[in-house]
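*Asks:* coords please:
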Amino acid sequence: MSRDLRKFLIINGIDRRDFLIRGSGIISAVLLAACDSRGPKAADKLLKYAERKNRVVERKLFRHTSMDVVRAGAYDAGNKLPSYFIAPTVPVWDETARGKWSLEVSGLVGNPVRLTLEDLQRLPQTAVETWTGVPFSELAKFVRADPQARFVDFQSFDDDYHESWDIESAMHKQTVVAYGLDGKPLQPAHGAPARVYSPVKLGYKNTKYLTKIVFMPHMNGGYWSDQGYEWYGGV
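*Replies:* Here you go, the predicted model:
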(Lines give C-alpha, C1' and ligand atoms only; values in the text may rest on other atoms or scores of the structure.)
Protein backbone atom coordinates (compact mmCIF):
# COMPACT_ATOMS: atom_id res chain seq x y z
CA MET A 1 0.00 0.00 0.00
CA SER A 2 1.40 3.43 -0.92
CA ARG A 3 2.25 6.02 1.72
CA ASP A 4 -0.37 8.45 0.35
CA LEU A 5 -3.12 5.84 0.42
CA ARG A 6 -2.18 4.79 3.96
CA LYS A 7 -2.31 8.44 5.04
CA PHE A 8 -5.75 8.83 3.36
CA LEU A 9 -7.14 5.83 5.25
CA ILE A 10 -5.80 7.04 8.58
CA ILE A 11 -7.25 10.54 8.10
CA ASN A 12 -10.67 9.14 7.21
CA GLY A 13 -10.76 6.53 9.95
CA ILE A 14 -10.91 3.47 7.68
CA ASP A 15 -8.74 0.43 8.24
CA ARG A 16 -7.14 -1.53 5.39
CA ARG A 17 -9.62 -4.43 5.50
CA ASP A 18 -12.61 -2.07 5.55
CA PHE A 19 -11.18 -0.13 2.63
CA LEU A 20 -10.62 -3.25 0.52
CA ILE A 21 -14.13 -4.58 1.19
CA ARG A 22 -15.86 -1.28 0.53
CA GLY A 23 -13.56 -0.39 -2.31
CA SER A 24 -14.80 -3.39 -4.25
CA GLY A 25 -18.04 -1.48 -4.80
CA ILE A 26 -16.19 1.42 -6.35
CA ILE A 27 -14.04 -0.84 -8.50
CA SER A 28 -17.08 -2.72 -9.76
CA ALA A 29 -18.82 0.53 -10.60
CA VAL A 30 -15.81 1.77 -12.50
CA LEU A 31 -15.51 -1.43 -14.50
CA LEU A 32 -19.20 -1.51 -15.29
CA ALA A 33 -19.31 2.17 -16.20
CA ALA A 34 -17.76 1.17 -19.52
CA CYS A 35 -20.78 -1.03 -20.23
CA ASP A 36 -24.04 0.24 -21.63
CA SER A 37 -26.44 0.73 -18.69
CA ARG A 38 -29.20 -0.64 -20.91
CA GLY A 39 -27.28 -3.89 -21.47
CA PRO A 40 -27.94 -7.48 -20.22
CA LYS A 41 -30.06 -7.87 -17.09
CA ALA A 42 -27.24 -9.66 -15.26
CA ALA A 43 -24.90 -6.74 -15.83
CA ASP A 44 -27.65 -4.30 -14.84
CA LYS A 45 -28.18 -6.13 -11.52
CA LEU A 46 -24.47 -6.13 -10.83
CA LEU A 47 -24.24 -2.43 -11.68
CA LYS A 48 -27.06 -1.63 -9.26
CA TYR A 49 -25.38 -3.70 -6.56
CA ALA A 50 -22.06 -1.90 -7.14
CA GLU A 51 -23.85 1.44 -7.07
CA ARG A 52 -25.42 0.66 -3.68
CA LYS A 53 -22.02 -0.30 -2.28
CA ASN A 54 -20.48 2.81 -3.78
CA ARG A 55 -23.06 5.05 -2.07
CA VAL A 56 -22.18 3.48 1.27
CA VAL A 57 -18.51 4.31 0.74
CA GLU A 58 -19.13 7.87 -0.44
CA ARG A 59 -21.49 8.71 2.41
CA LYS A 60 -18.95 7.25 4.85
CA LEU A 61 -16.23 9.50 3.44
CA PHE A 62 -18.38 12.63 3.25
CA ARG A 63 -17.27 15.27 5.74
CA HIS A 64 -19.82 17.94 6.63
CA THR A 65 -17.08 20.18 8.01
CA SER A 66 -15.18 20.26 4.70
CA MET A 67 -15.36 23.72 3.19
CA ASP A 68 -14.29 25.06 -0.19
CA VAL A 69 -12.00 28.06 0.32
CA VAL A 70 -11.31 30.51 -2.50
CA ARG A 71 -7.58 30.94 -2.99
CA ALA A 72 -5.99 34.37 -2.66
CA GLY A 73 -5.79 36.10 -6.04
CA ALA A 74 -8.70 34.16 -7.52
CA TYR A 75 -10.64 36.06 -10.19
CA ASP A 76 -14.27 36.06 -11.28
CA ALA A 77 -15.19 33.09 -13.44
CA GLY A 78 -17.73 34.92 -15.58
CA ASN A 79 -18.16 33.57 -19.09
CA LYS A 80 -15.28 31.13 -18.63
CA LEU A 81 -17.62 28.76 -16.80
CA PRO A 82 -19.03 26.00 -19.04
CA SER A 83 -22.67 26.50 -20.05
CA TYR A 84 -24.06 22.97 -19.98
CA PHE A 85 -27.71 22.24 -20.77
CA ILE A 86 -29.61 19.44 -22.52
CA ALA A 87 -32.10 21.46 -24.58
CA PRO A 88 -31.13 22.20 -28.23
CA THR A 89 -30.45 25.85 -27.28
CA VAL A 90 -29.77 27.78 -24.08
CA PRO A 91 -32.95 27.53 -21.97
CA VAL A 92 -34.54 30.93 -21.33
CA TRP A 93 -37.64 31.44 -19.22
CA ASP A 94 -40.29 33.06 -21.42
CA GLU A 95 -42.75 35.02 -19.28
CA THR A 96 -45.11 35.60 -22.20
CA ALA A 97 -45.56 31.85 -22.62
CA ARG A 98 -45.09 30.57 -19.05
CA GLY A 99 -45.97 33.49 -16.81
CA LYS A 100 -43.68 34.82 -14.11
CA TRP A 101 -40.96 32.41 -13.00
CA SER A 102 -41.29 30.89 -9.55
CA LEU A 103 -39.68 28.12 -7.53
CA GLU A 104 -42.02 25.54 -6.00
CA VAL A 105 -40.80 23.86 -2.79
CA SER A 106 -42.91 20.89 -1.76
CA GLY A 107 -42.94 17.29 -0.56
CA LEU A 108 -42.23 16.47 3.09
CA VAL A 109 -42.46 20.06 4.34
CA GLY A 110 -44.76 21.83 6.77
CA ASN A 111 -44.87 25.02 4.72
CA PRO A 112 -44.99 24.31 0.97
CA VAL A 113 -44.33 27.49 -0.97
CA ARG A 114 -43.99 28.98 -4.41
CA LEU A 115 -41.29 31.65 -4.40
CA THR A 116 -40.69 34.38 -6.97
CA LEU A 117 -37.15 35.57 -7.60
CA GLU A 118 -37.89 38.58 -5.39
CA ASP A 119 -39.06 36.23 -2.61
CA LEU A 120 -35.80 34.26 -2.86
CA GLN A 121 -33.76 37.44 -2.67
CA ARG A 122 -35.53 38.44 0.55
CA LEU A 123 -34.41 35.24 2.31
CA PRO A 124 -31.04 35.06 4.14
CA GLN A 125 -28.23 35.46 1.62
CA THR A 126 -24.73 34.06 1.37
CA ALA A 127 -21.83 33.91 -1.09
CA VAL A 128 -20.03 30.68 -1.94
CA GLU A 129 -17.00 31.23 -4.14
CA THR A 130 -18.49 33.74 -6.62
CA TRP A 131 -22.08 32.45 -6.35
CA THR A 132 -24.74 34.41 -4.46
CA GLY A 133 -27.94 32.89 -3.19
CA VAL A 134 -29.96 31.36 -0.37
CA PRO A 135 -28.28 28.69 1.77
CA PHE A 136 -30.25 25.49 1.20
CA SER A 137 -30.34 24.94 4.96
CA GLU A 138 -32.16 28.28 5.36
CA LEU A 139 -34.66 27.32 2.67
CA ALA A 140 -35.24 23.97 4.43
CA LYS A 141 -35.85 25.86 7.67
CA PHE A 142 -38.23 28.28 5.94
CA VAL A 143 -40.42 25.46 4.55
CA ARG A 144 -40.11 23.42 7.79
CA ALA A 145 -38.61 20.32 6.19
CA ASP A 146 -39.75 17.09 7.84
CA PRO A 147 -36.99 15.03 9.55
CA GLN A 148 -38.22 12.06 7.51
CA ALA A 149 -37.08 13.78 4.33
CA ARG A 150 -33.83 11.95 3.56
CA PHE A 151 -33.52 13.00 -0.10
CA VAL A 152 -34.17 16.06 -2.23
CA ASP A 153 -35.01 16.26 -5.94
CA PHE A 154 -33.98 19.37 -7.89
CA GLN A 155 -36.13 19.83 -11.02
CA SER A 156 -35.59 22.07 -14.03
CA PHE A 157 -37.29 23.63 -17.04
CA ASP A 158 -34.33 22.49 -19.16
CA ASP A 159 -36.29 19.71 -20.91
CA ASP A 160 -37.41 18.41 -17.48
CA TYR A 161 -33.85 17.79 -16.31
CA HIS A 162 -33.59 16.75 -12.66
CA GLU A 163 -31.15 15.19 -10.20
CA SER A 164 -31.76 13.97 -6.65
CA TRP A 165 -29.41 14.33 -3.68
CA ASP A 166 -29.02 12.91 -0.21
CA ILE A 167 -30.22 15.36 2.44
CA GLU A 168 -26.79 15.53 4.11
CA SER A 169 -25.18 16.96 0.98
CA ALA A 170 -28.07 19.34 0.42
CA MET A 171 -27.74 20.66 3.99
CA HIS A 172 -24.00 21.29 3.64
CA LYS A 173 -23.15 24.86 4.68
CA GLN A 174 -22.01 25.75 1.15
CA THR A 175 -24.99 24.36 -0.77
CA VAL A 176 -26.99 27.28 -2.13
CA VAL A 177 -29.91 28.05 -4.37
CA ALA A 178 -27.98 30.60 -6.42
CA TYR A 179 -29.41 33.56 -8.33
CA GLY A 180 -26.19 35.55 -8.77
CA LEU A 181 -22.68 35.02 -10.15
CA ASP A 182 -19.67 37.35 -9.92
CA GLY A 183 -21.80 39.98 -8.18
CA LYS A 184 -24.33 40.09 -11.04
CA PRO A 185 -27.71 38.44 -11.66
CA LEU A 186 -27.40 34.89 -12.95
CA GLN A 187 -27.48 34.70 -16.76
CA PRO A 188 -29.29 32.07 -18.90
CA ALA A 189 -26.04 30.34 -19.90
CA HIS A 190 -25.41 29.50 -16.25
CA GLY A 191 -28.89 28.53 -15.10
CA ALA A 192 -31.03 31.68 -14.65
CA PRO A 193 -33.23 32.57 -12.93
CA ALA A 194 -31.91 30.20 -10.21
CA ARG A 195 -29.92 26.99 -9.85
CA VAL A 196 -28.47 24.77 -7.15
CA TYR A 197 -24.74 25.01 -6.53
CA SER A 198 -22.48 23.17 -4.10
CA PRO A 199 -18.73 22.47 -4.12
CA VAL A 200 -19.46 19.02 -2.63
CA LYS A 201 -21.16 17.73 -5.80
CA LEU A 202 -20.03 17.13 -9.37
CA GLY A 203 -21.34 19.53 -12.02
CA TYR A 204 -24.16 17.39 -13.38
CA LYS A 205 -25.70 17.17 -9.88
CA ASN A 206 -25.94 20.98 -9.68
CA THR A 207 -29.28 21.37 -11.46
CA LYS A 208 -29.69 24.61 -13.41
CA TYR A 209 -32.89 26.41 -14.45
CA LEU A 210 -34.65 25.40 -11.23
CA THR A 211 -38.42 25.29 -11.03
CA LYS A 212 -39.08 22.79 -8.25
CA ILE A 213 -37.46 21.33 -5.13
CA VAL A 214 -39.09 18.25 -3.60
CA PHE A 215 -38.22 16.83 -0.16
CA MET A 216 -38.64 13.04 -0.25
CA PRO A 217 -38.43 10.01 2.11
CA HIS A 218 -36.82 7.81 -0.57
CA MET A 219 -34.23 8.39 -3.26
CA ASN A 220 -35.04 8.59 -6.93
CA GLY A 221 -32.80 8.99 -9.94
CA GLY A 222 -31.93 11.81 -12.27
CA TYR A 223 -31.28 12.66 -15.89
CA TRP A 224 -27.70 11.38 -15.90
CA SER A 225 -28.06 9.01 -12.94
CA ASP A 226 -30.69 7.03 -14.84
CA GLN A 227 -28.22 6.63 -17.71
CA GLY A 228 -25.54 4.97 -15.61
CA TYR A 229 -23.73 7.97 -14.15
CA GLU A 230 -22.76 7.90 -10.48
CA TRP A 231 -25.85 8.80 -8.41
CA TYR A 232 -24.04 10.26 -5.40
CA GLY A 233 -21.70 12.40 -7.51
CA GLY A 234 -19.70 13.72 -4.56
CA VAL A 235 -16.31 15.43 -4.61
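*Asks:* And the average pLDDT for stretch 86-103 is what?
*Replies:* Averaged over stretch 86-103, pLDDT sits at 96.
*Asks:* Domain-wise, how is the chain divided?
*Replies:* The chain breaks down by automatic domain parsing into domains covering 3-61, 78-227.
*Asks:* Out of these, which gets the lowest mean score?
*Replies:* domain 3-61 (a mean of 48).
*Asks:* just checking, residue 165 is part of a strand?
*Replies:* Yes: assessed by DSSP: H, G, I helix; E, B strand; the rest coil, residue 165 belongs to a strand.
*Asks:* What helix or strand is the spatially closest residue to it that is not a sequence neighbour located in?
*Replies:* Excluding its sequence neighbours, the residue lying closest to residue 165 (CB to CB, 6 or more residues apart in numbering) is residue 152, at 5.1 Å. Bear in mind the C-beta positions are built from the backbone N, C-alpha and C, glycine included. Using DSSP states H and E, residue 152 falls within strand 151-156.
*Asks:* so where do the helices sit in the chain?
*Replies:* 3-11, 16-33, 41-61, 95-98, 117-122, 136-142, 167-170 (DSSP state H).
*Asks:* just to revisit the earlier point, of the domains of the chain, flag the one that's most buried.
*Replies:* domain 78-227 (a mean of 18; mean count of other CB atoms under 10 Å).
*Asks:* Identify the residues contacting residue 164.
*Replies:* For residue 164, the contact set (CB atoms under 8 Å, 6 or more residues apart in numbering) comprises 151, 152, 153, 154, 216, 219, 220, 221, 222, 225, 231.
*Asks:* bridging residues for the third one?
*Replies:* Using DSSP bridges, the beta-bridge partners of residue 153 come out as residue 164, residue 214.
*Asks:* Which residues are in contact with residue 146?
*Replies:* Residue 146 neighbours (CB under 8 Å, 6+ apart): 108, 109, 110, 215.
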